[in-house]
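Colleague: need a 3D model of the following:
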Amino acid sequence: MNIRSLTRGDGVLIGAAVVLFIASFLGISGCDAPANICDQVDSAYSWEMSPLGWGSFFLGIAGAALVIVSRALPQPRKVVGLDLGQVGAAFTVASAWTLLMWVFESANAGAGLILGLIASLVLAAGAVAGPLVPALQAPLLGAPKPQTPQPYGMQPGQPGAPGGYGYPGAQQQPYGAQPDPSLGGQSFGGQPQQAQQHMQPQAPHDAQPQAAQAQAPAPAGDFTPFWFAVPVARPLYGEDGSAAPIAELAPGTWYLAVEQRGQALVAQTQDGRRGVLQDTTGIQRG
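Modeller: This is a model prediction of the structure:
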């Protein structure tokens with residue numbers, strides 16, 4: 001699982017589950033006797049009582065794991081007709097309810113019960129409110145600033161090195177446009193700049209066709225490929241229109257948009273796969 005695909009809601013669930021696990025090893029009952037007597041009495045913890053340990057603490061930890069796993073999967077899994085995330089959320093609510101009953105029925109609740117109750121309440125709130133609150137849907141870790149790649153064959157810091165292919169720093173020329181002479185580039189199938197300068201006096205009759213070609217407009221559907229990142233994990237569907245996703249775009253990774261189809265984008269992954277990104281809301285352009 002890509003750690004950059006985690007949201008703030010997932011971070012709340014992970015933190016609450018860790019606190020709940022720690023609380024399961026603390027004493028579940030307090031002591032009102034003098035200190036010298038309380039030091040001689042060992043307070044039991046939750047795992048020594050199966051109904052409390054397995055029925056409350058383990059239920060909450062398992063529920064948090066199910067919710068996080070369900071959000072990381074490309075397609076939601078179902079158990080008895082219910083989404084895996086819904087089952088996990090139900091587990092967290094049941095854990096909070098049972099711990100609340102244990103605190104009410106305890107004559108002197110210890111640190112384990114009190115801390116476990118607080119953690120289970122936060123756990124249940126994060127599982128239920130995670131898909132509903134926009135602030136909890138934001139990425140837990142922001143997208144990093146990718147380093148400028150060097151062109152093939154050029155060393156880092158070499159003077160006059162033009163921008164290479166890829167984001168960022170690569171000034172990509174639109175299809176059909178002439179390259180910038182100051183960068184020392186050449187068009188596909190063309191000759192280097194020095195050879196072109198020698199050929200110009202020898203073929204003056206080709207000046208007008210070359211000028212007309214330079215002034216030719218770009219092809220229809222003027223679309224310039226650009227790099228982008230998604231705010232949350234989103235599926236990438238095949239170009240053939242199939243309903244099953246072929247990949248998942250994760251936050252924190254830059255992808256190349258090569259074509260636009262209405263509101264959707266045809267994106268290319270790092271391994272060369274191409275697909276249609278149907279949900280383009282909130283994407284970050286590079």
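
Colleague: number of nearby residues for the spatially closest residue to Gly130 that is not a sequence neighbour?
Modeller: For Gly130, ignoring the flanking residues on the chain, the nearest one in space by CB to CB, 6 or more residues apart in numbering is Gly9 at 3.2 Å. Placement of C-beta: from N, CA and C, glycine included. Look at Gly9: counted by other CB atoms under 10 Å, it has 25 neighbours.

Colleague: now the strands for the chain?
Modeller: With DSSP state E, the ranges of strands along the chain come out as 78-79, 82-83, 226-229, 234-237, 245-249, 255-261, 264-268, 274-277, 284-285.

Colleague: same list (those strands) but as CSV, adding distance to Phe91, mean neighbour count and mean pLDDT.
Modeller: Converted to CSV, the strands of the chain look like this (distance: least, CB to CB, whole Å; neighbours: other CB atoms under 10 Å; pLDDT from 0 to 100):
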stretch, distance to Phe91, mean neighbour count, mean pLDDT
strand 78-79, 11, 12, 76
strand 82-83, 11, 14, 82
strand 226-229, 33, 18, 89
strand 234-237, 26, 20, 89
strand 245-249, 25, 18, 86
strand 255-261, 35, 16, 88
strand 264-268, 36, 19, 90
strand 274-277, 33, 20, 90
strand 284-285, 35, 11, 86
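
Colleague: who wins for proximity to Ala127 among those?
Modeller: strand 82-83 (12.1 Å; CB to CB).

Colleague: Leu113 is in contact with Val103, correct?
Modeller: Yes - between Val103 and Leu113 there is a contact at 5.3 Å, judged by CB atoms under 8 Å.

Colleague: between these two, who's got more neighbours?
Modeller: Leu113 (24 against 15).

Colleague: can you tell me how far the more buried one sits from Gly63?
Modeller: 18 Å (CB to CB, to the nearest Å).

Colleague: try Asp83
Modeller: Remark: distance between Asp83 and Gly63 (CB to CB) = 13 Å.

Colleague: ditto for Ala96
Modeller: Distance from Ala96 to Gly63, by CB to CB: 10 Å.

Colleague: shared neighbours of these two, anything?
Modeller: The contact sets of Ala96 and Gly63 overlap at Leu123 (CB atoms under 8 Å, 6 or more residues apart in numbering).

Colleague: how about the lengthiest helix in the chain, which residues are buried there?
Modeller: Longest helix in the chain by number of residues (criterion: DSSP state H): helix 84-105. Buried residues in helix 84-105, defined by neighbour count with 16 or more other CB atoms under 10 Å: 84-96, 98-99, 102.
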